[in-house]
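**Student:** need a structure here:
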Amino acid sequence: MGKVYVFDHPLIQHKTALIRKAETSVKDFRELVKEISMLMCYEATRDLPLEDVDIETPLCKTTVKMLEGEDIALVPILRAGLGMVDGMLNMVPNAKVGHIGLYRDPDTHEPIEYYCKLPNDIGHRQVFVLDPMLATGGSAAAAIDFIKARGGKDIIFMCIIAAPEGIEVLQKAHPDVDIFIAAKDSHLNDHAYIVPGLGDAGDRLYGTK
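**Tutor:** Okay, the predicted model is just below:
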């Protein structure tokens, strides 16, 4: 079973609290999501493989540790997942970026795909699927289905806020996928929104209603 990591870092918790506030502006919300993603990336990439590399400093030759290649793919779930990409790219600038477009049927809450474009070598990359909210888990599970169908194997899911229901669905659908979460909330309401949550992440990122 994949592991679930809930961050307790003070900076992540503080910035997550700020994006929950109803009065947080679109500009501040967008910048905070970027910052949270960057901080989460720092921890989520802790197990990336390293190799010994010989270099020369201004003083002498030495052997240092460097990443064993940077075979990483970021796959945001449109549209809210786009808000997490820049923060991740600040940490892993050579990563390739794919995109998956899903929307949730307002009546059934089931995910419907309308776009999927992934790197051709997705099967050789560690894939980070990005979406600020893990609510019902349906969109996340479907997105990972699409990635696996196109050859993706080493997959991590990253979100800022998650509901227990979504975690359970995602773990059941993809027990091999680790989940990284900034905050685990109480539950979903009757409209499948996370409580206490922060509202609609896409609307708050882009100023739409």
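**Student:** could you point out which element follows the helix or strand containing residue 171?
**Tutor:** Counting by DSSP states H and E, the element that carries residue 171 is helix 164-173. If you walk from helix 164-173 toward the C-terminus, the next helix or strand you reach (DSSP H and E) is strand 178-184.
**Student:** returning to what we had before: so which bits of the helix holding residue 171 are buried?
**Tutor:** Counting neighbours by 16 or more other Cβ atoms under 10 Å, one finds that the buried residues in helix 164-173 are 165-167, 169-171. The way it works is simple: take the backbone N, C-alpha and C, and place the C-beta from them, glycine included.
**Student:** ok, now stretch 90-98?
**Tutor:** Of the residues in stretch 90-98, those buried under the neighbour-count criterion (16+ other Cβ under 10 Å) are 91-92, 95-98.
**Student:** tell me where the chain has helices.
**Tutor:** Per DSSP state H, the chain has helices spanning 10-20, 26-44, 85-91, 138-149, 164-173, 201-206. These are given in chain order.
**Student:** Provide a list of residues in contact with the nearest residue to residue 165 once chain neighbours are set aside.
**Tutor:** With Cβ to Cβ, 6 or more residues apart in numbering as the measure, residue 188 is the residue that lies nearest to residue 165, at 5.3 Å, once sequence neighbours are left out. Listed by Cβ atoms under 8 Å, 6 or more residues apart in numbering, the contact set of residue 188 reads 135-136, 163, 165-166, 194-195.
**Student:** give the pairing partners of the longest strand along the chain; include direction for each.
**Tutor:** Here the longest strand in the chain is taken by residue count, with DSSP state E as the criterion, and it is strand 154-162. Its sheet considered, strand 154-162 pairs with strand 126-130 (parallel), strand 133-134 (parallel), strand 178-184 (parallel) by DSSP bridges.
**Student:** which of these sits closest to residue 6?
**Tutor:** strand 178-184 (4.9 Å; Cβ to Cβ).
**Student:** what about that closest one, average pLDDT?
**Tutor:** For strand 178-184, the mean per-residue pLDDT is 97.
**Student:** quick one: it to chain centroid distance?
**Tutor:** Strand 178-184 has its average C-alpha position 9 Å from the chain's average C-alpha position, going by Cα atoms, centre = their mean, to the nearest Å.
**Student:** residues in contact with stretch 100-120?
**Tutor:** With contacts defined as Cβ under 8 Å, 6+ apart, stretch 100-120 is touched by 73, 75-79, 96, 98-99, 125, 129, 136, 138-139, 141-143, 146-147, 150, 152, 192.
**Student:** same thing but at 10 Å, please
**Tutor:** By Cβ atoms under 10 Å, 6 or more residues apart in numbering, the surrounding residues in contact with stretch 100-120 are 71-79, 81, 95-99, 125, 127, 129-131, 135-147, 149-152, 188, 191-192.
**Student:** which among those residues end up buried?
**Tutor:** Applying a neighbour-count criterion of 16+ other Cβ under 10 Å, the buried members of the contacts of stretch 100-120 are 71-79, 81, 95-99, 125, 127, 129-131, 135-144, 146-147, 152, 188.
**Student:** just checking, residue 97 touches residue 78?
**Tutor:** No: contact between residue 97 and residue 78 fails when scored by Cβ atoms under 10 Å: they sit 11.7 Å apart.
**Student:** thanks a lot, catch you later.
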